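> Next comes the sequence, and after it the predicted model I'd like to discuss.
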Amino acid sequence: MGLTSSLVGLDHSLAEAGESFGKDLGFLRRHTEVVVLSGESGQAQVAVAPQWQGRVMTSTAGGLDGTSFGWVNRQLIESRQVQPHINVFGGEDRFWLGPEGGQFSLFFSKGASFDLDHWFTPASLDTEPFQVLSQTAQSVVCGRSIQLANHSGTRFTLDVNREVRLLQSVRALGSLGVSVPSGLKAVAFESVNTVKNTGPVPWQKDSGLVSLWILGMFNASPDTTIVLPFEKGDEAVRGPVVNDAYFGKVPADRLIVGDGVVFFRGDAAFRSKIGLPPRRAKSLMGSYDANSRTLTLVHFTLPAGAVDYVNSMWEIQKNPFGGDVSNSYNDGAPKPGAKGLGRFFELESSSPALALQPGASATHVHQTFHLQGSEAQLDAIARVALGTGLEQIKHAFKK
């Protein structure tokens, strides 16, 4: 989540987890066009909303009666009211562009102060629809042309092409070195996100660059722990492990830096955000909900050697390309007595800063896996993918 959660206070009771995929799908179809991607068995399904920038709203591994994994903001959608700063429809894979803050921000107009009153999500990333360019039973391609200006006045003209694909889970996980035991429920999908510089001038660092930024919103619970593996090594060489300065330092009972893995609470009870820089981030992260026995994995493009990532801090920055690769956000009240946006947490990935010549393109792939089964089955997968077992994840914050 961008630094925006205090903008709209919503009643958690209207945005609770627990709906089936079929119920969420029926609700969404009453309010927008939905493209459903489905495998042969009909158990793995993915719901895509083209009018909301082709975002994946939710998915399931168990057909219409199965768990709905994406957070859907029913209250906002049902209100049909357009919010001025951001419209948080929800969805477990949505398309954004960075940076959010700084002198090259796409969310603050030229000369604007870095505060909530002057923060606005560009309409092309918020309310303006994408067009369906092609469609099959297991994929849909959406896109549009976009024009944006950053805080320094640089203008960008670009084409966006976004393909959402339902993946064969056994094959996709196998490519990550993960074996899938029989009887496990699984859904896997990816978004292949491409931007093309269609303007007349190259994108350059001194006037600002953009990045592809994919954010997934998932249903939070008191039993959810987020897991971010990281590259170990001396801070003098790799820098700090985790950036928790987005909303102020995260308390120790909510963020633990372990041996090669960061644990972060995903309970939607405390507004906080963390990020891993390029010399620390790995291409996999995930979460585990012990209540529903759901293991979620996110795998994304991480180019070797890339170090320039846009910085989204809300200030004029000394290092505008010293940003994070992967992020996680946990919702909560922005201040005492206020309401948060809803019962969700986020897993986010970004491309490097894109210095594109006219006519050049760049692509960022973001894959999401949801697995449900016995703890023994999920433990074996977590150890391979995340470098830690379920017992360590479940008890990370238990004294």
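On my side now, so go ahead.

> Do a quick rundown of the helices in the stretch 101-250 of the chain.
169-174, 235-238 (DSSP state H, counting those that start in this stretch).

> Kindly confirm my reading that residue 398 is in a strand.
No: assigned with DSSP: H, G, I helix; E, B strand; the rest coil, residue 398 falls outside any strand and is coil.

> and it, how far is that from residue 225?
10 Å (C-beta to C-beta, to the nearest Å). Just so you know, the C-beta spots here come from the backbone N, C-alpha and C atoms, and that holds for glycine as well.

> neighbour-wise, which of the two wins?
residue 225 (23 against 5; other C-beta atoms under 10 Å).

> And the helices in the stretch 251-399 of the chain?
Using DSSP H, counting those that start in this stretch, helices in the stretch 251-399 of the chain cover 375-386, 390-394.

> thinking again about what came up before, highest average neighbour count across the helices of the stretch 101-250 of the chain?
Mean neighbours per residue, mean count of other C-beta atoms under 10 Å, is largest over these for helix 169-174, with a mean of 17.

> contacts for that helix?
Under the contact criterion C-beta atoms under 8 Å, 6 or more residues apart in numbering, helix 169-174 has outside partners 44, 179, 180, 186, 187, 188, 190, 367, 369, 381.

> one more time with 7 Å
44, 180, 186, 187, 188, 367, 369 (C-beta atoms under 7 Å, 6 or more residues apart in numbering).

> Please apply the same query to stretch 347-366.
Contacts for stretch 347-366 (C-beta under 7 Å, 6+ apart): 93, 98, 190-197, 199-205, 209-216, 285, 287, 298, 300-301, 303, 306, 308-310, 321, 325-328.

> List only those of those flagged as buried.
For the contacts of stretch 347-366, a burial check counting by 16 or more other C-beta atoms under 10 Å picks out 93, 98, 190-197, 203, 209-216, 285, 287, 298, 300-301, 308-310, 321, 325-328.

> Not counting sequence-adjacent ones, nearest residue to residue 214?
Spatial nearest neighbour of residue 214, chain neighbours left out: residue 366 (4.0 Å); criterion: C-beta to C-beta, 6 or more residues apart in numbering.

> ok, now residue 184?
Distances taken as C-beta to C-beta, 6+ apart place residue 373 nearest to residue 184, at 4.1 Å, with adjacent residues excluded.

> that older thread, okay if I get the helices of the stretch 251-399 of the chain as JSON lines plus distance to residue 316?
As requested, the helices of the stretch 251-399 of the chain are exported to JSON lines (distance: least, C-beta to C-beta, whole Å):
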{"stretch": "helix 375-386", "distance to residue 316": "37"}
{"stretch": "helix 390-394", "distance to residue 316": "39"}
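
> export the ones you listed to JSON lines and tack on distance to residue 238, mean pLDDT and mean neighbour count?
Converted to JSON lines, the helices of the stretch 251-399 of the chain look like this (distance: least, C-beta to C-beta, whole Å; pLDDT from 0 to 100; neighbours: other C-beta atoms under 10 Å):
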{"stretch": "helix 375-386", "distance to residue 238": "19", "mean pLDDT": "97", "mean neighbour count": "19"}
{"stretch": "helix 390-394", "distance to residue 238": "23", "mean pLDDT": "97", "mean neighbour count": "18"}
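
> do you know which of these lies nearest residue 291?
Closest to residue 291 of these is helix 390-394 (C-beta to C-beta; 10.4 Å).

> ok so, going back, what's the closest of the helices of the stretch 251-399 of the chain to residue 151?
helix 375-386 (36.6 Å).

> Could you list the residues in contact with that closest one?
By C-beta under 7 Å, 6+ apart, helix 375-386 touches 176-178, 181, 184, 227, 229, 261, 284, 286, 288, 293, 295, 297, 371, 388-390, 393.

> Please check those and keep the buried ones.
Among these, those buried by neighbour count (16+ other C-beta under 10 Å) are 178, 184, 227, 229, 261, 284, 286, 288, 293, 295, 297, 371, 388, 390, 393.

> Can you tell me how far the second one is from residue 269?
Yep, that's residue 184 we're talking about. Distance of residue 184 to residue 269, computed by C-beta to C-beta: 30 Å.

> One more: the last one?
Computed with C-beta to C-beta, the distance linking residue 393 and residue 269 is 18 Å.

> List the contacts of residue 181.
Residue 181 makes contact with residue 377 under the criterion C-beta under 7 Å, 6+ apart.

> Strands along the stretch 201-350 of the chain, start to end?
Along the stretch 201-350 of the chain, counting by DSSP state E, counting those that start in this stretch, strands occupy 211-219, 224-229, 255-257, 261-265, 272-276, 284-289, 294-300, 326-330, 344-350.

> Many thanks, I have nothing further to ask.
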